[in-house]
Every structure is written in C-alpha cells, then in structure tokens.
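> fold the following for me, if possible:
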Amino acid sequence: MITYKSDQEIIIMRQAGRMVASTHQMLSKLIRPGITTAELDVAAEKFIRSQGGEPAFKGYHGFPASICTSINEEVVHGIPSLRRLKEGDIISIDVGVRYKGYYGDAAVTHPVGEINSNVEKLLEITRQSFYQCLTYARMGYRLSDISHSIQNYVESQGFNVVRNYVGHGIGSEMHEEPQVPNFGKPGRGPRLEKGMTLAIEPMVNAGTWKVETLEDKWTVVTSDRSFSAHFEHTIAIGEGDPEVLTEC
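A predicted model of the protein is given here:
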C-alpha cells in the first residue's frame, strides 16, 4: 500500500534529506587514492550522529556498516573494508539517514583521481538520467513514465540499466511501496499524487545489464565485470515540480 505523506511528515523527511546531502558533501572531500572504504564509513557514521540522525543502513537486514561503498564493477551494497581506493577507480556511495522516525536516502558515484573519458561519460549519463526523468515525476503521470524515461535515455547513450534492483517508496520505512524500476513501458502503474515520496535510483552499467551477488551475500557486481554507476535521490511529489529532498 502506498502511503501519502502530510506536509508535516515531508518537513521531517526534508530534515533527514539534508543530513544525507551534508554527509555526501563531507565524504566527497575525503575521496582520494589511498583512503580505505572503512575510513569513509567511520567518518560517515560519526558525522550522521553529530547531526542528530542515525545511520539507516547499519544493522538493516544485518548490513554491517553505515554506508554502502561499491567500487568499479560493484553495482550496489558494497561493504566498507580495508580496501584502499586507487587512481582511476570509481566509487558509489549510498547514504541513508533516519531522523525522528523518517528516512532519507541518496547515492552518488565519484571518480577517484583521474578517470578515462568512457567512465566519465558513464557517471554523467547516470546522473543525467535521474534529472531528466523528473519531467515525469509530477501529479497526473504514471509511475512507469519515470521508469521508461530513465531506460530510454540510458540506452540511447549506449549503456544499460540494471533490472534486478529498483528504486522504492520511502518514508517511515526505508523501503515502502511502490517499487520504482529503471525500465519498462510508459503509462503503467499508479498515478503520481501529492504526498508520494520516492527514492529514484538509476543503476547503469557500461556493459550488460545482468548482475550477480558475491559470496558475502551483499555485494552486487556486473556479470561481465564492466563498470557500474549509481545515482539516487529522495523526492516528494507536490502540486508543481517535484522536490528533491536529499539535495542541498
């Protein structure tokens, strides 16, 4: 069942979203060759708690860390470790915050030092696929209009969207109805209405759309080990333009 948020609930979600955005800004300044993903995780948890929030991912279904750190061919759910970033890597950082019983969720893929032009294009197309789909994140459109927009744009640029993992509703639970795929035909699913809050998250692969899960039961990688990028924001549907709650 889809839950529609009141203005007061969205105010709290906006506060949670600002914490998510601030955490991303802080982490972006730390990303460099030589740093470990465990160091990023420690910094994120300390920062989130200093803002009055809770790391939403820590302990969620048993996840052992405060953020997800997915490197290169890792699509989502990478576990922070002693692995050190190196020049030419990309790292997708997914941050979730719980504040006063409500959630914010966003992900960004960062370059580590200099990256080649094809990988740079992957990051930009993933990011842009989110922003251009907001045209359809308005009252009156159907949910799959967002999905179709993302797939159409990504595939027109020579990349592929992941099918196995999707965006989601969000609010007093991290994952709520409805699911928000990054693919599909337009004109399907529920109509978008005021008070809907969604985490839209294109996951885009340089190669095949197919993925697999590693032995740790968390880390998802591309089946052909091509690079993957992830870009996510939490949005609220209103009477006009959608509000991106996790963006400063």
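
> wait, what's in contact with the nearest residue to Glu39 once chain neighbours are set aside?
Spatially, and ignoring its direct neighbours in sequence, Glu39 is nearest to Leu30 (7.4 Å; CB to CB, 6 or more residues apart in numbering). Bear in mind the C-beta positions are built from the backbone N, C-alpha and C, glycine included. By CB atoms under 8 Å, 6 or more residues apart in numbering, the residues touching Leu30 are Glu39, Leu40, Ala43.

> looking at those, which one is closest to Gly184?
Using CB to CB, Leu40 comes nearest to Gly184 of the contacts of Leu30, at 33.7 Å.

> okay but that closest one is in contact with Ser70, surely?
No: using CB atoms under 8 Å, Leu40 makes no contact with Ser70, being 11.8 Å away.

> those two: which is more packed in?
Between Leu40 and Ser70, counted using other CB atoms under 10 Å, the more crowded position is Ser70 (27 against 22).

> what about Arg83, how many residues nearby?
There are 15 residues near Arg83, going by other CB under 10 Å.

> and the pLDDT at it?
Reported pLDDT at Arg83 in the predicted model: 98.

> how about it: what's its closest non-neighbour residue?
Spatial nearest neighbour of Arg83, excluding adjacent residues (CB to CB, 6+ apart): Thr37 at 5.7 Å.

> give the contact list for that neighbour.
Thr69, Ile71, Gly78, Pro80, Ser81, Arg83, Leu85, Ile91.

> filter those to the buried ones?
Burial by neighbour count, 16 or more other CB atoms under 10 Å: within these this picks out Thr69, Ile71, Gly78, Pro80, Leu85, Ile91.

> do I have it right that Glu114 meets Gly88?
Yes: applying CB under 8 Å, one finds Glu114 in contact with Gly88, separated by 6.7 Å.

> which residues are contacting whichever helix in the chain runs longest?
Across the chain, the longest stretch assigned as helix under DSSP state H is helix 7-28. Contact partners of helix 7-28, identified using CB under 8 Å, 6+ apart, comprise 5, 40, 43-44, 47-48, 51-53, 67, 93, 95-106, 108, 110, 170-172, 195, 197, 234, 236, 243, 245-248.

> try it again with 7 Å
Residues outside helix 7-28 that contact it (CB atoms under 7 Å, 6 or more residues apart in numbering) are 5, 40, 43-44, 47-48, 51, 53, 93, 95, 97-100, 102-106, 108, 110, 171, 197, 234, 236, 245-248.

> restricting to C-alpha, output that helix in CSV.
Extracted C-alpha coordinates of helix 7-28, given in CSV (Å, rounded to 0.1, in the frame of the first residue of the first chain):
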residue,chain,number,x,y,z
ASP,A,7,3.1,18.4,4.9
GLN,A,8,4.5,17.9,8.4
GLU,A,9,5.9,14.5,7.5
ILE,A,10,7.6,15.9,4.5
ILE,A,11,9.2,18.6,6.7
ILE,A,12,10.8,15.9,8.8
MET,A,13,11.9,14.0,5.6
ARG,A,14,13.4,17.2,4.3
GLN,A,15,15.5,17.4,7.5
ALA,A,16,16.6,13.8,7.1
GLY,A,17,17.4,14.5,3.5
ARG,A,18,19.6,17.5,4.4
MET,A,19,21.6,15.2,6.7
VAL,A,20,22.0,12.8,3.8
ALA,A,21,23.2,15.6,1.5
SER,A,22,25.6,17.0,4.1
THR,A,23,27.1,13.6,4.6
HIS,A,24,27.7,13.2,0.9
GLN,A,25,29.3,16.6,0.8
MET,A,26,31.6,15.7,3.7
LEU,A,27,32.6,12.3,2.1
SER,A,28,33.2,13.8,-1.3
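
> flag every buried residue along that helix.
Buried residues in helix 7-28, counted by 16+ other CB under 10 Å: 9-10, 12-24, 26-27.
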